[in-house]
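Visitor: Just the structure for this:
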Amino acid sequence: MKIYRSYQEVDKELEILKVEKELAYQKFLRELDETKESLEFRNIIGDTPKKAINILKMLSGPIKSAALTYLFRKIF
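Guide: From the prediction side, this is the model:
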């Protein structure tokens with residue numbers, strides 16, 4: 001238990017606690033936003049569709065057609 005010798009010490013301690021509380025609250029809000037963002041659909045599936053499209057761009061002709069058919073059957 002801390003013993004205060006003046007009201008100034010009490011006020012100073014209260015101000016420090018107020019700032020610490022505000023910092024903790026802002027950190028909580030930031031982490032909440034990051035959690036919400038990480039749960040968005042586009043972030044859950046990540047770069048997988050983009051990578052698949054890049055691979056398909058490299059393919060040509062019947063190979064590309066077969067790959068697209070296979071991909072669509074797997075998805076749908």
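
Visitor: Could you list the low-confidence segments of the chain?
Guide: By pLDDT under 70, the weakly predicted segments of the chain are 43-44, 47-49, 52, 56.

Visitor: Quickly list the domain ranges of it.
Guide: 1-45, 46-76 (automatic domain parsing).

Visitor: can you redo those domains as CSV with mean neighbour count?
Guide: For the C-beta atoms, the positions are set from N, CA and C on the backbone; glycine is no exception. Converted to CSV, those look like this (neighbours: other CB atoms under 10 Å):
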stretch, mean neighbour count
domain 1-45, 9
domain 46-76, 10
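
Visitor: From residue 15, how far off is residue 9?
Guide: To residue 15, residue 9 is 11 Å away according to CB to CB, to the nearest Å.

Visitor: Mind naming the longest helix for this structure?
Guide: Counting residues, the longest helix found in the chain (DSSP state H) is helix 7-38.

Visitor: Against which helices or strands is it packed?
Guide: On a contact count with 3 or more CB pairs under 8 Å, 6 or more residues apart in numbering; DSSP states H and E, helix 7-38 meets no helix or strand.

Visitor: Work out the gap between that helix and the centre of the chain.
Guide: Relative to the centre of its chain, helix 7-38 is centred 21 Å away, using CA atoms, centre = their mean, to the nearest Å.

Visitor: and if you look at stretch 57-73?
Guide: Using CA atoms, centre = their mean, the offset of stretch 57-73 from its chain centre is 33 Å.

Visitor: Also stretch 35-55?
Guide: How far stretch 35-55 lies from its chain's middle: 12 Å, per CA atoms, centre = their mean.

Visitor: And for stretch 64-76?
Guide: Chain-centre distance of stretch 64-76: 31 Å, with CA atoms, centre = their mean.

Visitor: In CSV, list the C-alpha atoms belonging to that stretch.
Guide: The C-alpha coordinates for stretch 64-76 follow below in CSV (Å, rounded to 0.1, in the frame of the first residue of the first chain):
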residue,chain,number,x,y,z
LYS,A,64,-5.5,-24.5,-69.6
SER,A,65,-9.0,-25.7,-70.5
ALA,A,66,-8.5,-29.0,-68.5
ALA,A,67,-7.1,-27.1,-65.5
LEU,A,68,-10.0,-24.7,-65.5
THR,A,69,-12.5,-27.5,-65.8
TYR,A,70,-10.9,-29.4,-62.9
LEU,A,71,-10.7,-26.2,-60.8
PHE,A,72,-14.4,-25.4,-61.3
ARG,A,73,-15.5,-28.9,-60.5
LYS,A,74,-13.5,-28.8,-57.2
ILE,A,75,-14.9,-25.4,-56.3
PHE,A,76,-18.5,-25.9,-57.3
